[in-house]
Each structure stands twice: as C-alpha cells, then as structure tokens.
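Peer 1: Let me see the structure of the following:
(chains A and B)
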Amino acid sequence: MIDLRAADDPRLLRPRLQVMAGVALLVFAALLGRLCQLQILEGAHYARRAEQNFVDVVPVDAPRGRIFASGGEPLATNRPTYSLHVTAWVRRPADPGRGAEATVTRREPMPDGVLDTLASLLDFADDEDRRRFLEKVRALVADEARGRYATRVRNNLSWEENARIQARLDDLAPWVDVRASDRRFYPVGEVAAFVTGHMGNVSSERLRRQDGTGYRPGDRVGHTGIERQWENYLRGRPGARPRVVDVRNREVEDPPKAAVASLPPYRDPIPGQDIHLTLELDLQQAAFDAFEGVLAGGLVAMDVRTGAILAMVSVPAIDPNLYEQPIPRAQWEAWTKSPLKPFIDKTVQEHFFPGSTYKVVSALTALQDPHFDPEREIECEGSVLYGGRRFRDTHAHGPMNLEQAIVQSCNVYFYTLAIEEILTLERMAKVARAFGLGERTGLGLNGEVRGRIPTEAFEARTGTYQRGVQLNSAIGQGNVKSTVLQIAVLYAAVANGGTVWTPYIVDRITTHDGRLVFETEPLAKPRPPVDPEDLARVRRGLYGVVNDERGTAYSERPRGIEVAGKTGTAQVGREEQKEGDAAIPGWEPTKDHAWFAAYAPAEDPQIVVVALVEHGGVGADAAAPIVMRVLEHRLGAVAATGTSRPAGVPPPLPGTRTPRGGS
Amino acid sequence: MPLGSTLGPPNSRLLRALRSIDWVIVVITASLLVLAFINLNSAAPAPFSSRIVTQLVWCGVGTVAMFLVSAIDPRTLYAVAFPAYGAGIFMLVLVALLGYTAKGAGRWLVVGSTRFQPSEIMKVLLILALARYLHGLPRHRHRPWRNLLQALAMVAAPVVLIVRQPDLGTGIFLALVALSMLAVTELRLKSLLAVGSSGIVALALMWRYGMLDYQRLRIDVWLDPELYADDEGYQTIQAMIGVGNGGFFGRGVGEGTQNVLRFLPERLTDFPFAIFAEEWGFLGCAMVLLLYASLVLWSLHLAARARDRFSALVAVGVGALFFWHVVINVGMVLQLFPVVGITLPFFSLGGSNLLSMMVALGLLQSVSRSRMPG
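Peer 2: Predicted coordinates:
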C-alpha cells in the first residue's frame, strides 16, 4: 500500500479548517435568520397569502321572488335546471421546453378543441345562436382578466345537454363546469305575459355601470312587466359559499382542517320577495279567451272602488317561457317585423284615438257650462258643414238631447256644441286632464305612454291647428289619444261618482316566508271639478247605451247583469299600408279601431272593463262582446258563489293552493 | 468491553466493524432520512406512491453502498481516484453524445430501465481526484500558478461538460466545492481571491454573452418575483408563501395548504424544503439545518484529525458537498438565490443524487475509520 503519510502533516490544515467551520456556521446562522424573518416575523403575512390561494367564495344564487295572482295562483316561479359555466383561463403546470429546472405553472386559455367539443354537445336554436355562443366564449378566452373567473355562458340546459356534457367532462375540465341553477317558469304563459313580463340576460351596459347592484355576467334580470318593475324586490341577495380549492381551482373534498377553519363564514342567500298581484287569474284567463280570434288589442278590468287591476290582457303576446331558451333568429325577426307588434303592451304602451268613448269627457265639459241645457234638442241630419268642411255622422239620428246623443253616439250633437263653442279644446282638455287623460296613470308597468289631450297651444305648436279641430276632438278624434288603461280610469271615475284612482296591480309584497313588506293603499287623484248630478246624467246615458233599445250596444246586452258602457269606433285615418300587413289574413289596417268601455252593475258599479280591438271595425260588434263576456264571467261567477273574497281576508299563502314544481 | 466479552471471539470482527463505524455520521444521516421520507410522503400525490417506493429502494442501495465504501481504505481510494475521474468524464461525454433529454436538458444516461445522472456521481469523483492532486502538491516548492491552473483544469473539464447540458447550477456547484477544497490547502489566499474574482468576472461575461434566455430570466425573477407572479415567479413566490405559512410550529404533516392543495409545484425535486418548512415550521427547519450543520462541522472535524492530507481533503470535499447543496437549495427556497436545480440531499426525490450522497458519506466513514486517535 501507498504510504500517504509521506506528504505533509494534515494538521497544518487546521487553522484554515477552523476558519472554514466558522464561515459555515455563519452561513447556517444566516439561513436561520432568514427563516426567522419569513416564518416568525412575516409569518402572518404569508399565512394570509396562503389563504388567498385556497379560499374561494362562490356566489349562491338567491331564489327569485315569485309572482302570484290574487288567489295565490303562481304566475312566475322557479324550476331547478342546469347552467353552463366556463372558466376560460385556468392555471396548469406547463412544460416550458426551455430547459432544465424551469417548470412553471401558467394560466392557459381554453383550447379551441375544448370549445369545439363543448359546442358539439349543445343544442343550438339556430346558427345565429351558435355563433353568439362561440363569440361569447371566445371573448372570455381573449380577455384573461375576465376569463379567469367562472362565467355563466348558457342557462337552462336541457336534460340531454347536461347528460352529454357530464359524460365528456373529463375532456372539458377544468374549463367547463355545469352547475345547478334555477330557471324562471310562467305557469300561465302568454295569458299574463305582459303583466309578469319576462327575463333576459343582464346587459353589458348594466354590468359596466358598476352601480353596486352586483350583477355578474350571465345573470338574468327582468326585462319587462312586473319582472322588470320590481326587479330589486324579486332578485334577493346572493349568498356566499366559501370553499377550499386547489391549484386548479377545484373544490377539495377533504381539505386540511386549518384551511377549513380559516374560511370566511357561509352567507345564506336572501331569497327574493314574493309579489302578490290584484290580478284575478280566472278573470284574466276569461279575458284572454275572449280575445280568441282577435289579432291585436287590449283589455283592462279594474275595480272601480279601489283602482285595483283585475285583468290586463294584450294580444298578441309572447309566452315569457320562450325567453328562457335562446330564441331562433328567424322567430325573432318575425316578431320584430310583425305589424301586430307583439312586444307592445296594447293597454299602456300604445295610445289610440278614443273615438266615441271620449264623448263622456265632451258631455261632462258641456255640462260645466252654466248656459248649456242638456235637455235642448239638436236636430241631427247626418252631417254638419263647418268652415267649408263636412263633418259626418253614421246616419241622421233626428232630434237629440245630451242623453240620447250618448245613447245613440250622435256625432252631430257634439259637433254642434263645438261649433257653438260650448266645447272648446281648452275646456275639454281641463276636464280630460282632471280625469287622468293625457298623463301617465301611475300604474308603473311596461313604460306607460301619456296619451295626448290637445289644446290650442298644442295644435299651434305642432302645426296641426285648423278650423274645426275642436269638432273632431269632441268625438275623440283629431289629436286626442289615450291608452286603454286611461279610458278604464276615466270610466271608473264616472262609475264611482268621480274618484280618479291611481290604478295598481301589486297588492302586497311579502318576504319568502310570508312577512309583509309592502302593501298598496288605494290612491285617489284630486277630485275632478264635476257636479255629481252631471255624472249621474252621463251615467244614465251610458246605461241607455246598453239597455235602451236605440243604444249602440243594445244588441250585446248580457242577461242577468245591468251593464252601462259606451262603444267607440275610432277612425284610424289613412294609415300607410305596411309591409307584411297583407300576409296576415283578417288584418285590415284601414279598418276602424273598435272600443267598448263598460262598468257593472250599473246601479252599484264594482268593475270597469275596457277593451280595444285594433282595426276591429264597429265597437259594438268587435269590442263589446269581449267586454260582456268578461263582465258576465266576473259578475256571473260572483253571483253564483255569492261573493268574491271578502275585503280584508288575505288570499291563501303562496304554494298552498298550487304546489310548486308540480312534482 | 462487556459486549465483546459476552459474545466471545467469533464476533470480535463484527464488533470491531461496529466499533469502527462513525456513529455520528450514521445518526445524523438516519435522522435526516427519516424526516426526508416523512416529508416526501406528505408531498407525494398519494401516500406511498410508486415514486416514494422507488426512492426507498434507492435508499437501501445507497445504504449498502455507504457501508461498502466505508470499508475501503483511503489508500485504495487514493489509488483509484484518477481512473475513476477519467471514467466519470467519459460518462459525461457519453451523456453529451447520446444522453436522455428531459425538460430540455440532456442529463441522463439510460441503463436498462433506470435513468442515471452521471453529473451526480461526478461530484464525488471530482472530490476524490482533486484531493489526490492536492495531496501531491509539494509544499516547499511553491509554484502556485502552475498548480492552480492544473487544479482548475481538472475542475473545468467536468464543469464545462455539465454546463453544456445545460445545467449551469450543477456546474457552479462543482466549482464551489472545488474552490472550498482549494481554500483549505495552502494555496495562497491571494491566488484564491484571484480565482474567485475571475470566476465572478466569468459569470458576468456569461450573463452578458453566454447565458441562455431562461437563465437570465431566472435572475430577473429572483430580483423581483412579484413582477412575474403569474408565470416564472410563481414558483418562487409560492415557495416563500409555503415557508412563511409554516410559522413557528408549522402546520403539521399533511396539513400544509401550499403542499396538500398543490399550490407549490416541484414539491418533490427542487422545493421539498418549502413543504417541510410549511409543515414543520421554524422549529423543524432549525432542527434540519442543525443536523446539516453538524454533518458539515463533523466533516471538518474529521479533516482536522485525518491521517493524511488526501483523507483530510476528501473529508473537506464531502463537507463542502453537503454545505453547498444545503446552502444553495435552502437559499433558493428562501429567495436568497435565484432558482437553480440544486437538490436538497435526502429530501429531494432522485436516485442518482441519493446514491452519490450516500457514497460521499461512505467516503467520510472511510476517512473517519482511518483517522488519528485524539
């Protein structure tokens, strides 16, 4: 063996070894110092950052408040379904291919292949729907800041779609996620379509507004009707469910105990509040049925004693359930182009010439003139010449007093009063406004329009003034426009002796467990300056319309109920023939609008019903039967059962009559 | 000896063998291995996963290797030092020619079904060869520059081969170990400083011209990891969070969220210490660092007591091996250094590494056995 000891004595190395040991100790001490800094001094900071890693708070949807008819029948409820969520950017371990130890994780966008697979599993309404879906997801992929959060991209998946996605979830994870959620369900569909309204996706504009309402992309909000008007009550407040997630943002089934302990508390969602309407569902149904065969029109039934809306129908209507699925573009375009305007609530969103129904205003205006004698007879020869123009009537009525002029709907009588300047635009406008015409009634539904009550200043401003315009205005033509609801308020006021109600449809609002939040008190507008005797005189005329054999609606009088009302046949003028009009059989845009406004029982009025049939022709023929059917249904039914729900007794609690979900 | 007297003459060989074992090394190693396996098991995707079992097998192989190597006399080691070094260089050349590539770096040789990393074994072989060279330096005829250059050439050969893989970290690591050994011999401080400063200049030049983009990026990340928090800095930041989250007492084994919820990548290879720090806290870390420090100091102690210069330098080399491994890896986890692929002995998953560490400890045993009494 080699003798290694021939070399130098290793003991000579000792001084440097000692220095080395000292240096080594110092270095270890430095490491320890750094550990002390990170773990003890800054430990709390890093513990918080660790929490930020694994704590994820998912919003818990609050069940939307329901909408009930007066008897507790649900008009809008929720049904469990699935919604599709996409997280476009997910952190994954990446193999950088750059060398050595450099393995990092990075957020990766959803590959096109996954999107294609996903798209192939969904049932699209049409190509447009497909294109919009792809666009939405690609927008998330393009925007990393937004795409890193799970976003709801599709609602109300069908059972088949869900099953297909679940089966392929291994290919789609972690980008795609199906969650349980609710869809809106409208049991009566289009019958109350304009009352309940429908839902839609929250608009990007509203999301941008950042007004603290906390809407998230993909949320559903009310777009029309009660859903829109009472969105803030119906919506509720989403809860928050904290969860422990791993690096792939997946929930961990068995997380470390300390992690669970550091989660923020669970916050229960607060369910939306239930809205109970004054709407009587069976009356609504009857009214809707009465419109069968009518292309376009509207009806309002109102309690003359309170202003509560009992039925409110507009046709054509779109079943609000349809909005819970994507709507094919072809269908949408058909709706948009239709001259029947299915998006418009005919009771409040469009105004019409009131025609002869407006003669009530004219009569009350005349009665205010102290020199006016209602018993004076004016000879009707079928037309009158004024200012070089001939103003026509349906036929020569012969001698007319005020009452008979209403009963037989004589135009010449009112023309004459206008020529005699008993009726002027100013005087009529004063009375009309006192009865709520020309102003929004305050129902607060579906963006009411104001209607129009012309004055001379108005006519001058719009350049429509011409000699004789007050003659046309006196019979509800010219520039007079009003909504169906306004006419209902007017006739209710005539019926109840002069109380102009602010109509209301929301009876009360309760929390989901039945505590009262809000209750509507009937609210009257200032009393119009009319003499009760004058009103009684007009009412006698209205009674004669239906019950005098010369009355315009005599042929439609129902059996068993005493009805008072007024027909209206509003000329629509020379409207342009619009594209598509010809395609609808029975739609004649040149025909007059048919009105009928009535209340019953005539002696003790309870309910007022006003119907408009667009281009229906003569009011007595087209509109009166509809109103009569509704009145018969309401008063006949009441007569049969003795009484409707007595005042002060609340309707049964929601859900007791009709079990929710039906299963 | 009461034990010897009861067992009688037939066992006296065994007894001598037992008595010749350096129990300090064994105890420290065993403690570290136990902690390391607990930690690996906690960090692995499933308890007792196949990778942990493989590591256990390597551990057994390593233990046998350690005792085998410890039985070799330092003089024999001296004799084989240069040929072994040559074999190591040969293997590195083989890697460069037909090595297995993973993660963009060609570091592995495939023998049968196992992958083998020659650069790991080269660490031990370089220590032996350098020790032998330095042993032969005549003390009284100082030709410092020539000697230094020869020694540097000996170091440079494997370093260049490894840096080319590319594995800058291991290259620098080898240079540091060699430098530590040179520092102990009586090469003048002046020349050592010259070597050190030229090394720094060389690094600076590399930074300017020779560094790969990812290496440069890693230094940027080290300087400001938050700037790269979502990409390259993610690893560093998550490691720091893990360490800090441990606090004083630690979260408990299997309870560290950074670990269990997989927020920290590379838990098994380069960053097991972050997991350990999270689950065992400051107390556990201090304990582990103490164990490593004891091992390093014990190596230096053995060097001071070595029978000859070669043994002393081998002991210093092994001490330096552990010292730099621990300092670089832990320093990297604690963001004192940029991320380099230097493992933490025992704690990191990797068979070649564990084996070469055990062999190195065998060398230390051998030195210990032959040391002068007192």
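Peer 1: mean confidence score for stretch A:516-525?
Peer 2: Averaged over stretch A:516-525, pLDDT sits at 90.
Peer 1: Single out the residue in chain B that lies closest to chain A.
Peer 2: Residue of chain B nearest chain A, by Cβ to the nearest Cβ: residue B:244 (2.3 Å). Where you see a C-beta, it was placed from the backbone N, CA and C, and this is true even at glycine.
Peer 1: burial count for that residue?
Peer 2: Residues lying near residue B:244 (other Cβ atoms under 10 Å in any protein chain shown) number 28.
Peer 1: would you say it is within a helix?
Peer 2: Yes - with DSSP: H, G, I helix; E, B strand; the rest coil as the criterion, residue B:244 is located in a helix.
Peer 1: For it, give me its contacts.
Peer 2: A:38, A:39, A:42, A:43, A:45, A:46, A:47, A:49, A:50 (Cβ atoms under 8 Å, 6 or more residues apart in numbering or on different chains).
Peer 1: Once you drop chain neighbours, what's closest to the fifth one?
Peer 2: Right, residue A:45. Counting by Cβ to Cβ, 6 or more residues apart in numbering or on different chains, the nearest residue to residue A:45 once its immediate chain neighbours are dropped is residue B:244, at 6.5 Å.
Peer 1: Then the fourth one?
Peer 2: With Cβ to Cβ, 6+ apart as the measure, residue B:247 is the residue that lies nearest to residue A:43, at 4.2 Å, once sequence neighbours are left out.
Peer 1: Residue A:352 now?
Peer 2: residue A:593 (5.4 Å).
Peer 1: Just read off the phi/psi values of the one you found.
Peer 2: Backbone geometry at residue A:593, expressed as degrees, to the nearest 10, gives phi -80, psi 140.
Peer 1: wait, it sits on residue A:569?
Peer 2: Yes - counting by Cβ atoms under 8 Å, residue A:593 touches residue A:569, with 7.5 Å between them.
Peer 1: Between these two, tell me which one has more neighbours.
Peer 2: residue A:569 (27 against 24).
Peer 1: a strand runs through that one, doesn't it?
Peer 2: Yes - in this structure, residue A:569 lies within a strand as judged by three-state DSSP.
Peer 1: what do residue A:593 and residue A:569 both touch?
Peer 2: In contact with both residue A:593 and residue A:569: residue A:355, using Cβ under 8 Å, 6+ apart.
Peer 1: low-scoring pLDDT stretches of the stretch 51-200 of chain B, where are they?
Peer 2: Within the stretch 51-200 of chain B, the segments meeting pLDDT under 70 span B:99-106, B:111-114, B:138-144, B:186-187.
Peer 1: on that earlier part again, among the contacts of residue B:244, name the buried ones.
Peer 2: Neighbour counting by 16 or more other Cβ atoms under 10 Å in any protein chain shown classes A:38, A:39, A:42, A:43, A:46, A:47, A:49, A:50 among these as buried.
Peer 1: And the helices in the stretch 201-350 of chain A?
Peer 2: With DSSP state H, counting those that start in this stretch as the criterion, the stretch 201-350 of chain A has helices at A:204-209, A:225-229, A:231-235, A:257-261, A:281-290, A:329-337.
Peer 1: buried set for the fifth one?
Peer 2: For helix A:281-290, a neighbour-count test (16+ other Cβ under 10 Å) marks A:281, A:283, A:284, A:285, A:286, A:287, A:288, A:290 as buried.
Peer 1: Name whatever forms a beta bridge with residue A:594.
Peer 2: On the basis of DSSP bridges, residue A:594 is bridged to residue A:569, residue A:613.
Peer 1: if I pick it, what's in contact with it?
Peer 2: Contacts of residue A:594 (Cβ under 8 Å, 6+ apart): A:567-570, A:612-613, A:616-623.
Peer 1: What distance do you get for it to chain B?
Peer 2: Using Cβ to the nearest Cβ, to the nearest Å, one obtains 68 Å as the distance from residue A:594 to chain B.
Peer 1: Tell me which residue of the stretch 251-400 of chain A lies closest to chain B.
Peer 2: Counting by Cβ to the nearest Cβ, the stretch 251-400 of chain A gets nearest chain B through residue A:256, at 4.3 Å.
Peer 1: Correct me if wrong: that residue contacts residue B:260.
Peer 2: Yes - assessed by Cβ under 8 Å, residue A:256 is found in contact with residue B:260 at 5.5 Å.
Peer 1: Now list whatever residues contact both of the two.
Peer 2: residue B:254.
Peer 1: still on that earlier bit, of the buried ones among the contacts of residue B:244, which pair is most distant in space?
Peer 2: Farthest apart among the buried ones among the contacts of residue B:244 by Cβ to Cβ are A:39 and A:49. That separation is 13.3 Å.
Peer 1: mind listing what the residue in chain A that chain B sits nearest to touches?
Peer 2: In chain A, the residue that lies nearest chain B is residue A:46 (2.3 Å; Cβ to the nearest Cβ). Counting by Cβ under 8 Å, 6+ apart, residue A:46 touches A:38, A:39, B:240, B:241, B:242, B:243, B:244, B:245.
Peer 1: just the strands in chain B please.
Peer 2: Using DSSP state E, the strands of chain B run over B:100-102, B:105-111, B:114-116.
Peer 1: Kindly state the pLDDT recorded for residue A:179?
Peer 2: 84.
Peer 1: I'd like to know how far it sits from residue A:84.
Peer 2: 8 Å (Cβ to Cβ, to the nearest Å).
Peer 1: Report the residue spans of the stretch 451-600 of chain A with pLDDT below the cut-off.
Peer 2: A:573-582.
Peer 1: switch the cut-off to 80
Peer 2: Low-confidence segments of the stretch 451-600 of chain A (pLDDT under 80): A:460, A:462-468, A:573-586.
Peer 1: Kindly reformat the buried ones among the contacts of residue B:244 as a markdown table and extend each row with pLDDT and secondary structure.
Peer 2: Listed next are the buried ones among the contacts of residue B:244 as a markdown table, based on pLDDT from 0 to 100; DSSP: H, G, I helix; E, B strand; the rest coil:
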| residue | pLDDT | secondary structure |
| --- | --- | --- |
| A:38 | 93 | helix |
| A:39 | 93 | helix |
| A:42 | 92 | coil |
| A:43 | 91 | helix |
| A:46 | 93 | helix |
| A:47 | 91 | helix |
| A:49 | 91 | helix |
| A:50 | 90 | helix |
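Peer 1: Can you tell me which of the contacts of residue A:594 are classed as buried?
Peer 2: Listed as buried from the contacts of residue A:594 are A:567-570, A:612-613, A:616, A:618-623; burial here means 16+ other Cβ under 10 Å.
Peer 1: Which of the residues you listed sits closest to residue A:456?
Peer 2: Scanning the buried ones among the contacts of residue A:594 for proximity to residue A:456, where the rule is Cβ to Cβ, the winner is residue A:570, at 22.4 Å.
Peer 1: The closest residue to the closest one other than its chain neighbours: neighbouring residues, count only.
Peer 2: In space, and not counting its chain neighbours, residue A:570 is closest to residue A:355: 3.2 Å by Cβ to Cβ, 6+ apart. As a burial measure, residue A:355 scores 27 neighbours (other Cβ under 10 Å).
Peer 1: Might you report the residue contacts of residue A:355?
Peer 2: A:475, A:476, A:477, A:568, A:569, A:570, A:571, A:592, A:593, A:595, A:619.
Peer 1: list the buried ones in stretch B:71-80?
Peer 2: For stretch B:71-80, a neighbour-count test (16+ other Cβ under 10 Å) marks B:74, B:75, B:77, B:78 as buried.
Peer 1: hmm, I was thinking of stretch B:281-290
Peer 2: The neighbour-count check on stretch B:281-290 (16+ other Cβ under 10 Å) flags B:281, B:282, B:284, B:285, B:286, B:288, B:289 as buried.
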